[in-house]
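Participant: I would like to see how this sequence folds:
(one chain, ligands or ions: 1)
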Amino acid sequence: MKKLAILGSTGSIGVSTLDIVAAHPDKFQVVALTGGSNLELLKKQIEEFAPQLVAVMNEELAQKLAQMLPGKGPEIVHGVAGMIAAATAADADMVVAAIVGAAGLVPTAAAIKAGKDIALANKETLVTAGRLIMDMVKIHGVRLYPVDSEHSAVFQSLEGHRKDDVKRIILTASGGPFFSYPAEKMAEVSVSDALNHPNWSMGQKITIDSATMMNKGLEVIEARWLFDIPVERISVTIHPQSIIHSMVEYVDGCVMAQMGIPDMKAPIAYALTYPGRVPTGVKPLDLTALSGLTFFNPDFNRFPALKLAYRALNDGESMPTVMNAANEVAVGAFLNGEITFTAIADSIEKTMGFHQPHNLNSIEEVLSVDRWGRKKCRELLGINNP
Ligand SMILES: NC(=O)c1ccc[n+]([C@@H]2O[C@H](COP(=O)([O-])OP(=O)(O)OC[C@H]3O[C@@H](n4cnc5c(N)ncnc54)[C@H](OP(=O)(O)O)[C@@H]3O)[C@@H](O)[C@H]2O)c1
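Facilitator: Take a look at the predicted model:
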């Protein structure tokens with residue numbers, strides 16, 4: 001029986017994780033959950049999974065949730081301290097880090113320090129503080145299992161092989177909804193067009209990141225730290241069918257790929273049960289039903305966000321933190337209808353232009369750089385959203 005703390009249980013990854021837990025009650029027990037503001041869903045999850053501890057975003061939400069739960073419910077905590085309490089819950093063997101954005105960094109770091117193994121969905125943790133987090137993983141002797149489907153595919157393609165023999169990691173990307181859009185139409189795309197991902201059903205922020213291809217950029221940075229490989233040896237290939245989830249090329253020319261129907265339940269389950277596997281309900285892959293598997297080079301001109309991510313990694317440790325902060329602000333502004341689609345990458349690039357990159361020595365320093373990046377991007381866009 002593995003005891004889980006699920007951070008971000010009301011999100012897309014959180015819900016899929018709980019589906020797996022529900023399908024295997026003999027294997028998993030939920031000891032802590034965290035949500036943001038979706039109290040209705042959190043209430044249902046509490047009733048079904050009976051965690052001991054639950055965290056929400058603020059005190060007002062904590063009081064509301066307590067009123068919604070008659071009788072003896074779980075302990076309810078709130079704010080960053082509450083997220084940390086859930087991430088370090090004494091009974092938890094593993095923490096599923098599935099909060100969206102840089103808000104996931106502090107609880108995930110706290111879980112690592114508390115000696116918990118991590119199933120990492122929150123890629124922003126490694127984007128904003130990659131080296132520091134990987135150092136902490138080593139110091140505290142914990143395992144960090146990727147949940148991102150591409151990184152799970154790389155992880156699986158590395159199994160049983162020698163790291164020294166790896167020539168290149170090839171991350172696949174669907175290309176998103178605007179894969180074949182002409183450059184001149186990109187500024188006009190609507191929020192609903194951008195939220196209409198062809199292959200994956202995900203939270204809003206990552207769906208917009210997929211449309212700009214910043215998501216692939218964040219994944220390049222995530223892969224750099226997770227697999228300790230120089231960025232020059234991480235490439236991106238557009239694969240619109242999303243059947244091959246990523247690949248590893250070896251020095252002898254052999255390429256290992258992991259395939260399957262695009263469904264996050266598969267990589268989530270593998271992170272929870274490694275090295276074993278359990279049935280997930282994911283539809284079997286019928287190769288004869290596929291019209292074909294196609295591959296293309298990414299277009300860095302139509303998708304400048306991907307280029308910015310490579311640049312940020314090369315610029316120095318604090319630049320990806322700034323890039324990520326500006327991206328979160330710009331994506332929020334796009335979703336609010338305050339800026340155009342193409343202004344997302346423009347404003348990130350401008351924000352990066354004002355930053356002098358430097359090394360990051362602590363999580364506090366990362367948070368300070370993150371705050372600077374958000375403030376600068378808001379200032380450049382003339383907006384006030386959080
Ligand atoms: N979805 C996918 O298929 C997928 C695939 C690979 C990687 N990922 C990564 O997994 C993470 C989660 O993605 P998602 O799509 O599941 O996101 P999502 O559906 O938007 O869910 C985000 C979760 O985080 C909570 N949350 C939001 N802001 C918070 C804050 N400031 N403090 C504490 N909790 C907060 C939300 O609570 P409420 O909803 O209750 O407000 C929700 O539980 C992201 O880092 C994403 O890049 C996702």
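
Participant: name the nearest residue to the residue of the stretch 201-350 of the chain found nearest the ligand, sequence neighbours excluded.
Facilitator: Closest approach between the stretch 201-350 of the chain and the ligand, counting by Cβ to the nearest ligand atom: G203, at 2.6 Å. All C-beta spots, glycine's among them, are computed from the backbone N, C-alpha and C. Distances taken as Cβ to Cβ, 6 or more residues apart in numbering put S12 closest to G203, at 4.6 Å, once the chain neighbours are dropped.

Participant: picking that back up, show the contacting residues for the residue of the stretch 201-350 of the chain closest to the ligand.
Facilitator: G11, S12, I13, V100 (Cβ atoms under 8 Å, 6 or more residues apart in numbering).

Participant: kindly recompute the last result at 6 Å.
Facilitator: G203 makes contacts with G11, S12, V100, as judged by Cβ atoms under 6 Å, 6 or more residues apart in numbering.

Participant: with K283 instead?
Facilitator: With Cβ under 6 Å, 6+ apart, K283 has these contacts: I261.

Participant: kindly recompute the last result at 10 Å.
Facilitator: G260, I261, P262, D263 (Cβ atoms under 10 Å, 6 or more residues apart in numbering).

Participant: for whatever residue of the stretch 1-150 of the chain ends up closest to the ligand, which non-adjacent residue is spatially closest?
Facilitator: The minimum distance from the stretch 1-150 of the chain to the ligand, using Cβ to the nearest ligand atom, falls at G11 (1.9 Å). Once flanking residues are discounted, G11 sits nearest to G203: 5.3 Å by Cβ to Cβ, 6+ apart.

Participant: what count of nearby residues applies to E159?
Facilitator: Residues near E159, counting by other Cβ atoms under 10 Å, number 11.

Participant: so A119 sits in a strand?
Facilitator: Yes: under DSSP: H, G, I helix; E, B strand; the rest coil, A119 falls within a strand.

Participant: leaving out chain neighbours, which residue sits closest to it?
Facilitator: A271 is the one closest to A119 (Cβ to Cβ, 6+ apart), at 3.8 Å.

Participant: which positions in the stretch 201-350 of the chain make contact with the ligand?
Facilitator: M202, G203, Q204, K205, I206, M264 (Cβ under 6 Å from any ligand atom).

Participant: could you dump those to JSON lines with pLDDT and secondary structure?
Facilitator: Compiled in JSON lines, these are given as follows (pLDDT from 0 to 100; DSSP: H, G, I helix; E, B strand; the rest coil):
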{"residue": "M202", "pLDDT": "92", "secondary structure": "coil"}
{"residue": "G203", "pLDDT": "95", "secondary structure": "coil"}
{"residue": "Q204", "pLDDT": "96", "secondary structure": "helix"}
{"residue": "K205", "pLDDT": "97", "secondary structure": "helix"}
{"residue": "I206", "pLDDT": "96", "secondary structure": "helix"}
{"residue": "M264", "pLDDT": "97", "secondary structure": "coil"}
